[in-house]
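1. sequence and predicted model, in that order:
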Amino acid sequence: MIVADRKSLDEILWMVSDCNKILIAGCKGCVTVCNVGGMKEVGILASALKIARKKEGKPLEVDEKTLERQCDPEYVEQIRDIYDDYDAVVSMACGVGPQFLSEAYPSQRFFPAVNTTFFGGATEHGIWEERCAGCGTCIIHYYDGMCPIARCSKSIQHGPCGGSARGKCEINAELDCIWDMIVKKKMEQGRLDDLLMVKAAKDWRTARDGGPRKSIREELTK
Amino acid sequence: MEGECHFLEGNLRARKRVDYVKKTLEELGIEPERVEIFNLSSAMGPQFAEIAKGMTDKIKELGPSPVNC
């Protein structure tokens, strides 16, 4: 899923400083699962903003609405009847949400309440870790399901590097060296020779290096 | 007693959540000591009364919440 962290209250308060009435739009997708922008978090942010503004002597009216998703046009329609009742809309979805909303409702302002961080999963309750860099050309079959692009600090494909020590990465003593893990697994499975395979250079044009990306599935288009 | 909850880890989680509320209150410019968590067994009536009195005194000292003025 897409993982995000909520922005500081100060930053959100600054965004809505000229507003008297706002809508906070949550999303029932990834940000609900990572406990940052679902119905519950929308309620918490709404209460915090109302308290902060009441304290300043500039009360803020805040309505709440959590959409099924903010990354599909049909669900973005869920605020069609109300979007212009507000001075601004604060989206708690990932960075896709405010942009889809902005495209659907050009006359309204949309602000992000979260910092979208990475594609990952929960390793335990309350802890999420990056697992995919969305590079557009998956190569983890060469590495038994472990991704050196997302999980190596240098994204190297021929590690480990000299910064790997006792299974940890030099950038952070708590960060596992993915190359140490890849090599160990190959050794355990008796397939270390796999790493001798000569491969063509990775095509980075499918990653961000090739500019904004688009995926077209002809069989699904109208 | 901390860590001896009937619900095993429930009181440890509750403490983390109280810490989160305190942090949020601080961000809002409201005294975080308006919220506290104490661990007591059901047989500690006098200590409960003492804590309740202490909290009441503390809140009186802090005065009304700036949001409710």
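-> Yep, it's here.

2. so what touches the one helix or strand B:Met55 maps to?
-> Using DSSP states H and E, the element containing B:Met55 is helix B:45-62. Outside helix B:45-62, the residues that touch it by C-beta atoms under 8 Å, 6 or more residues apart in numbering or on different chains are B:Glu31, B:Glu33, B:Arg34, B:Glu36, B:Phe38, B:Leu40. The way it works is simple: take the backbone N, C-alpha and C, and place the C-beta from them, glycine included.

3. quick one: average confidence on it?
-> Here helix B:45-62 scores 96 as its mean pLDDT.

4. before we move on, what about stretch A:169-181?
-> Mean predicted confidence for stretch A:169-181 is 97.

5. one step back: between the contacts of helix B:45-62, which has the most around it?
-> B:Glu31 (16 neighbours; other C-beta atoms under 10 Å in any protein chain shown).

6. with adjacent residues omitted, what lies nearest to the closest residue to chain A within chain B?
-> Across chain B, the shortest distance to chain A (C-beta to the nearest C-beta) belongs to B:Glu27, at 4.6 Å. Using C-beta to C-beta, 6 or more residues apart in numbering or on different chains and skipping the chain neighbours, the partner closest in space to B:Glu27 is A:Leu9 (4.6 Å).

7. could I get the pLDDT score of that neighbour?
-> 95.

8. residue contacts, it?
-> A:Ala48, A:Leu49, A:Ala52, B:Thr24, B:Glu27, B:Leu28.

9. show me those that map onto strands.
-> Among those, no member falls in strands (DSSP state E).

10. now render those as CSV, adding neighbour count.
-> Listed next are the contacts of A:Leu9 as CSV, based on neighbours: other C-beta atoms under 10 Å in any protein chain shown:
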residue, neighbour count
A:Ala48, 18
A:Leu49, 22
A:Ala52, 21
B:Thr24, 17
B:Glu27, 16
B:Leu28, 20
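
11. quick revisit: and the residue of chain B closest to chain A, what pLDDT?
-> Predicted confidence (pLDDT) for B:Glu27: 91.

12. just B:Asn11 next, same as before
-> The model's pLDDT for B:Asn11 equals 87.

13. which element is it on?
-> In this assignment (DSSP H and E), B:Asn11 forms part of helix B:10-27.

14. for that helix, packing partners?
-> Judged by 3 or more C-beta pairs under 8 Å, 6 or more residues apart in numbering or on different chains; DSSP states H and E, the packing partners of helix B:10-27 are helix A:9-15, helix A:39-56.

15. what's the angle between that helix and helix A:39-56?
-> Inter-element angle recorded for helix B:10-27 and helix A:39-56: 40 degrees (by axes from the mean of the first three to the mean of the last three C-alpha atoms, to 10 degrees).

16. just the CA atoms of helix B:10-27, as PDB, please.
-> The C-alpha coordinates for helix B:10-27 follow below in PDB (Å, rounded to 0.1, in the frame of the first residue of the first chain):
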ATOM      1  CA  GLY B  10      -3.900  -2.900  27.600                       C
ATOM      2  CA  ASN B  11      -2.500  -0.400  30.100                       C
ATOM      3  CA  LEU B  12       0.800  -0.200  28.300                       C
ATOM      4  CA  ARG B  13      -1.100   0.700  25.100                       C
ATOM      5  CA  ALA B  14      -3.300   3.100  27.000                       C
ATOM      6  CA  ARG B  15      -0.200   4.900  28.300                       C
ATOM      7  CA  LYS B  16       1.100   5.300  24.700                       C
ATOM      8  CA  ARG B  17      -2.200   6.700  23.600                       C
ATOM      9  CA  VAL B  18      -2.300   9.200  26.600                       C
ATOM     10  CA  ASP B  19       1.200  10.300  25.500                       C
ATOM     11  CA  TYR B  20      -0.200  10.900  22.000                       C
ATOM     12  CA  VAL B  21      -3.000  13.000  23.400                       C
ATOM     13  CA  LYS B  22      -0.500  15.000  25.500                       C
ATOM     14  CA  LYS B  23       1.600  15.600  22.400                       C
ATOM     15  CA  THR B  24      -1.500  16.800  20.500                       C
ATOM     16  CA  LEU B  25      -2.500  19.100  23.300                       C
ATOM     17  CA  GLU B  26       1.000  20.500  23.400                       C
ATOM     18  CA  GLU B  27       0.800  21.200  19.600                       C
END
